[in-house]
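Asks: The sequence isn't on hand, but the structure is:
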């Protein structure tokens with residue numbers, strides 16, 4: 001069954017593939033190119049790529065935290081293994 005979520009996921013994956021293809025085609029000299037951002041000033045392409053990875057990892061962290069929050073009540077007495085980590 002095709003749902004709005006499926007369509008959105010396909011779109012995101014297609015955009016990611018296109019972005020990765022674009023990045024792979026960059027030359028070393030392209031990484032040093034820069035532009036002016038209205039809020040933070042001069043930004044190089046390499047900095048944007050690092051921010052992209054950082055941003056994605058933040059989403060991974062958010063997803064992980066949500067999954068852990070859903071699982072936590074189901075651990076029962078085994079929560080004791082993690083009590084020190086939760087403090």
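Replies: Right, received. Where do you want to start? For clarity, every value in this text was computed on a predicted model and none was experimentally measured.
Asks: Can you classify the residue most central in space within the chain by secondary structure?
Replies: Nearest residue to the geometric centre of the chain (CA atoms, centre = their mean): residue 56, 1.3 Å. Of the three states, residue 56 takes helix according to DSSP: H, G, I helix; E, B strand; the rest coil.
Asks: Let's see the pLDDT reported for the residue of the chain positioned farthest from its centre.
Replies: The outermost residue of the chain relative to its centre, with distances by CA atoms, centre = their mean, is residue 77 at 32.9 Å. Residue 77 carries a pLDDT value of 93.
Asks: Over to the one 5 residues further on?
Replies: Note for residue 82: predicted pLDDT of 89.
Asks: what about the nearest residue to it once chain neighbours are set aside, neighbour count?
Replies: Once flanking residues are discounted, residue 82 sits nearest to residue 75: 7.6 Å by CB to CB, 6 or more residues apart in numbering. Where you see a C-beta, it was placed from the backbone N, CA and C, and this is true even at glycine. When neighbours are counted by other CB atoms under 10 Å, residue 75 registers 12.
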